[in-house]
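Q: No letters, just coordinates:
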């Protein structure tokens, strides 16, 4: 199975910000070591003014989905604050291995960065230098020993979804770092079946420059890996 990705698409734009659909194989931020195209460098090819833009939320190189780009200094400051105060809800979809005993729950654990391996490690107990993580999931569909899961990050740490679900024995299909190679090979995915598919603005103050977006959601409706679950009955 081969998933094809298009170029960077603009989902929404006004004078303050734009919401783009980042494809797999594009960086959120410039990285001198990877030397791959990033969102801002891509925008600069057609928008010279984008040198003052800033990416608000980051996605992994091989994770696709919605990313917010601030266009002015005021907007960037307000967007960063809104993100920290959970006024911008980020929701993900992923395909994982296995079925869940509990169809909806919040997972709790501790995450420790391993810089030497460029990955993170998850523990059920707190260890030195670890950070507490909370990952809420809801099972939407099941098929062929796979589950389609909607995920909300209650904390946002590096590789949190990928590592936390793997630790819960439900690795994301196609994930080369935290997944299972035999399953990935069988299904034919080389990158994780994970997409940041929805952004929701909420609880914004009327005085905020972002207030016109209050209670608005932006969503990607074409999910590349949804074909794994086509014609399957939704989980009740």
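A: Nice, I can see it. Treat the numbers as computed from the prediction; the structure is a model and nothing was measured. Numbering: from 1, shown residues only.

Q: what ranges do the strands span in the chain?
A: 9-13, 17-22, 54-55, 64-70, 88-97, 104-114, 119-123, 131-143, 146-153, 194-201, 217-219 (DSSP state E).

Q: Now do the fifth one against strand 194-201, angle only.
A: Interaxial angle, strand 88-97 versus strand 194-201 (axes from the mean of the first three to the mean of the last three CA atoms, to 10 degrees): 160 degrees.

Q: Tell me what the residue positioned nearest the centre of the chain is bridged to.
A: Nearest to the geometric centre of the chain sits residue 196, at 3.8 Å (CA atoms, centre = their mean). Judged by DSSP bridges, the bridge partners of residue 196 are residue 65, residue 92.

Q: Okay, it and residue 223: tell me how far apart.
A: Between residue 196 and residue 223 the computed distance is 11 Å (CB to CB, to the nearest Å). From N, CA and C alone the C-beta is placed, and that goes for glycine too.

Q: Please apply the same query to residue 50.
A: Residue 50 sits 28 Å away from residue 223, going by CB to CB.

Q: What of residue 153?
A: As judged by CB to CB, residue 153 and residue 223 stand 18 Å apart.

Q: In the protein, where is pLDDT below threshold?
A: Along the chain, the model assigns pLDDT under 70 to residues 1-6, 231-236.

Q: As a quick check, tell me the outermost residue of it.
A: Taking CA atoms, centre = their mean, the residue of the chain most remote from its mean C-alpha position is residue 207, at 29.1 Å.

Q: backbone phi and psi for that one, please?
A: The phi/psi pair for residue 207 (degrees, to the nearest 10) reads phi -80, psi -10.

Q: List the contacts of it.
A: Contacts for residue 207 were tallied using CB atoms under 8 Å, 6 or more residues apart in numbering; there are none.

Q: list the buried ones in the lengthiest helix in the chain?
A: Looking across the chain with DSSP state H, the single longest helix is helix 73-84. Buried residues in helix 73-84, counted by 16 or more other CB atoms under 10 Å: 75-76, 78-80, 82-83.

Q: farthest pair in these?
A: Maximum pairwise distance in the buried residues of helix 73-84, criterion CB to CB, is 12.1 Å, between 75 and 83.

Q: Show me the common contact partners of those two, please.
A: Common contact partners of residue 75 and residue 83 (CB under 8 Å, 6+ apart): none.

Q: How many residues are close by residue 129?
A: Residue 129 sits with 8 neighbouring residues when counted by other CB atoms under 10 Å.

Q: so it touches residue 114, yeah?
A: No. Here residue 129 lies out of contact with residue 114, judged by CB atoms under 8 Å, at a distance of 10.5 Å.

Q: Which positions in stretch 47-57 come out as buried?
A: Buried residues in stretch 47-57, counted by 16+ other CB under 10 Å: 50, 53-57.

Q: Show me which of the residues you listed is closest to residue 36.
A: Closest to residue 36 out of these is residue 55 (14.5 Å), distances taken as CB to CB.

Q: distance of residue 84 from residue 197?
A: According to CB to CB, residue 84 and residue 197 sit 22 Å apart.

Q: Check residue 67 too.
A: 12 Å.

Q: Same check on residue 171?
A: Using CB to CB, residue 171 is found at 19 Å from residue 197.
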